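K.L.:
no sequence on this one, just coordinates:
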């Protein structure tokens, strides 16, 4: 048979090895969890930064597009306003010219009629 002290020594060695190995395994697992948590945090920060940059870029593009559209709208309104304001002036000018022409024609007709009537009355 084997020596009982040898068995006790083997058990003590196994227990000592377990006492050293278990904390090392626990520390290794703890480091892996810590690394995983750090990686997750880094990914979250990176994702948040990308989302912020995208939102900022989109907002800037939307602002530029709105500004450009407002400028085009303003230019169109000015053109329409100019045409609208010029129309009465052009119409007034045309009416004035037509009135002058009509006055000339009436004057000419009256003068011609007077000339024709004058020799007959002599």
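P.N.:
Nice, I can see it. Because the structure is predicted, anything quoted here is derived from the model rather than measured.
K.L.:
Distance of residue 60 relative to residue 54?
P.N.:
11 Å (C-beta to C-beta, to the nearest Å). Any C-beta I mention is one placed from the backbone N, CA and C, and that applies to glycine too.
K.L.:
mind checking pLDDT for residue 17?
P.N.:
Looking at residue 17, its pLDDT stands at 77.
K.L.:
okay, now it: neighbour count?
P.N.:
Using other C-beta atoms under 10 Å, residue 17 has 10 other residues around it.
K.L.:
Equivalent analysis for residue 81, please.
P.N.:
10.
K.L.:
Please state the offset of the helix or strand containing residue 67 from the chain centre?
P.N.:
Secondary structure from DSSP states H and E places residue 67 in helix 4-121. Centroid separation for helix 4-121 versus its chain: 1 Å, with C-alpha atoms, centre = their mean, to the nearest Å.
K.L.:
and that helix, what does it pack onto?
P.N.:
The contact analysis (3 or more C-beta pairs under 8 Å, 6 or more residues apart in numbering; DSSP states H and E) places helix 4-121 against no helix or strand.
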